[in-house]
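*Asks:* okay, sequence plus prediction incoming.
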Amino acid sequence: MKSLTLKGCGTALLTPFKADGSVDLEAFAATVDRQIQAGIHFLVPLGTTGETPCLSVEERIEILKIAKAHSAGRPVVVGGGTNSLAATIESMKQLEPYGPDAFLIVVPYYNKPTQEGQYQYFKAVAAASSKPIVIYNVPGRTGANIEAATVLRLARDVKNIVAVKEASGKYAQISEIIAGAPEGFSVLSGNDDETLSLMATGASGVISVASNVAPAEMVALTEAMLEGCLEEARKHHHRLFPLMKNLFVESNPIPGKYACHKLGLMQNVLRLPLVPASPRTAEIIDKTLAELWK
């Protein structure tokens with residue numbers, strides 16, 4: 001049995017910035033409070049959606065501290081991966097004193113490691129911490145895909161590798177992981193629009209971008225699936241699908257940050273190389289929000 005079982009909806013949290021570009025810690029705390037009030041199952045700060053590559057070590061620590069302080073006992077899965085083993089281990093050591101419940105570790109980007117290289121990398125990462133490790137597979141950003149056989153090998157061989165966030169979009173691959181996963185190993189969708197189909201296949205939930213905007217609705221979708229209420233889940237999926245799709249009309253988190261700005265949750269400020277939503281994207285998101293809550 002793995003040491004942490006993740007299921008339902010976890011939010012890949014946005015990082016709010018002030019007009020001067022500094023982290024808006026007050027707005028971040030308020031967004032976490034909103035997530036908890038909506039019934040979110042776990043929190044995922046410092047991932048891709050949080051613009052983490054553009055944050056300093058000190059900023060990352062402050063964000064994690066707030067996430068933990070406002071988590072109301074929900075698991076906090078914190079992003080800590082890089083494309084260097086030494087840098088990843090250093091990042092984990094910097095964050096671990098502030099109480100993360102698990103680390104989300106991305107497949108090393110740019111290096112394009114082989115399957116054996118990925119296996120050895122994740123094994124070494126897991127050995128460097130007693131915390132549970134969640135593998136994050138997102139080949140559209142990293143340039144490398146971790147295959148089902150490698151994930152399952154790690155799941156069997158390394159006791160603190162407890163889950164995979166799968167954003168490859170490869171249904172057959174993800175289905176193979178679900179079918180072969182050992183007891184207690186969670187498979188989480190990394191794409192909102194695949195939540196329904198993957199949970200129907202046996203996935204445990206989703207790490208969601210859309211839940212930054214509509215947390216209660218994404219919680220309802222995943223809880224319906226966990227309870228076997230497929231018809232209800234379909235209704236939630238079809239209602240949320242335009243949001244799921246349109247949050248990616250430009251690079252994540254550009255549309256999501258604009259949407260949360262429109263909801264009064266944060267300023268529409270990003271750090272370069274990301275820039276605010278184009279007028280066309282803003283128009284699409286405005287229409288999407290109006291339709292979602294009409």
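*Replies:* Looks like it came in fine. Residues are numbered from 1 along each chain as shown.

*Asks:* so what pLDDT did Lys2 get?
*Replies:* Looking at Lys2, its pLDDT stands at 68.

*Asks:* just Trp293 next, same as before
*Replies:* Looking at Trp293, its pLDDT is 87.

*Asks:* what residues does stretch 234-243 touch?
*Replies:* Residues from elsewhere that reach stretch 234-243 (CB atoms under 8 Å, 6 or more residues apart in numbering): 192-193, 195-196, 210, 213-214, 217-218, 220-221, 224, 259, 288-289, 291-292. Using the backbone N, CA and C atoms, a C-beta is placed for each residue, glycine as well.

*Asks:* in space, what's closest to Ile135 - neighbours in sequence excluded?
*Replies:* Nearest-residue entry for Ile135: Val164, 4.4 Å, with adjacent residues in sequence omitted and distances by CB to CB, 6 or more residues apart in numbering.

*Asks:* surely Leu43 forms part of a strand?
*Replies:* Yes: inclusion of Leu43 in a strand is indicated when DSSP: H, G, I helix; E, B strand; the rest coil is applied.

*Asks:* now Tyr121: how far from Arg60?
*Replies:* Computed as CB to CB, to the nearest Å, the Tyr121 to Arg60 distance reads 21 Å.

*Asks:* equivalent analysis for Arg74, please.
*Replies:* Between Arg74 and Arg60 the computed distance is 19 Å (CB to CB).

*Asks:* OK, contacts around Thr82?
*Replies:* Applying CB under 8 Å, 6+ apart, the residues near Thr82 are Thr88, Ser91, Val106, Pro108.

*Asks:* what's the pLDDT at it?
*Replies:* At Thr82, pLDDT is 95.

*Asks:* tell me where the stretch 151-294 of the chain has helices.
*Replies:* 171-180, 195-201, 215-226, 230-246, 254-262, 279-292 (DSSP state H, counting those that start in this stretch).

*Asks:* can you redo those helices as TSV with mean neighbour count and distance to Leu188?
*Replies:* Output for those, formatted as TSV (neighbours: other CB atoms under 10 Å; distance: least, CB to CB, whole Å):
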stretch	mean neighbour count	distance to Leu188
helix 171-180	17	10
helix 195-201	21	8
helix 215-226	22	10
helix 230-246	17	15
helix 254-262	23	18
helix 279-292	15	23
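
*Asks:* and of those, who's closest to Ala27?
*Replies:* Ala27 sits nearest to helix 254-262 of all the helices of the stretch 151-294 of the chain, at 9.2 Å, using CB to CB.

*Asks:* output the lowest-mean-pLDDT helix or strand in the chain in PDB with nothing but the alpha carbons.
*Replies:* Least confident helix or strand, the chain: helix 139-142 with a mean of 95, by mean pLDDT, DSSP states H and E. Extracted in PDB, the C-alpha atoms of helix 139-142 (Å, rounded to 0.1, in the frame of the first residue of the first chain):
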ATOM      1  CA  PRO A 139       5.600  15.700 -23.200                       C
ATOM      2  CA  GLY A 140       4.100  18.700 -24.900                       C
ATOM      3  CA  ARG A 141       6.200  20.800 -22.600                       C
ATOM      4  CA  THR A 142       9.200  18.600 -21.800                       C
END
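
*Asks:* who touches that helix?
*Replies:* Applying CB under 8 Å, 6+ apart, the contact partners of helix 139-142 are Thr48, Asn83, Val106, Val107, Pro108, Tyr109, Tyr110, Asn145, Ala167, Ser168, Gly169.

*Asks:* and it, what's buried?
*Replies:* Neighbour-count burial for helix 139-142 flags Thr142 (criterion: 16 or more other CB atoms under 10 Å).

*Asks:* how far does it sit from the chain's center?
*Replies:* Offset of helix 139-142 from its chain centre (CA atoms, centre = their mean, to the nearest Å): 14 Å.

*Asks:* Tyr171 contacts Asp193, correct?
*Replies:* No: if you go by CB atoms under 8 Å, Tyr171 and Asp193 don't touch, sitting 12.0 Å apart.

*Asks:* Gly205 touches Leu188, doesn't it?
*Replies:* Yes: assessed by CB under 8 Å, Gly205 is found in contact with Leu188 at 5.4 Å.
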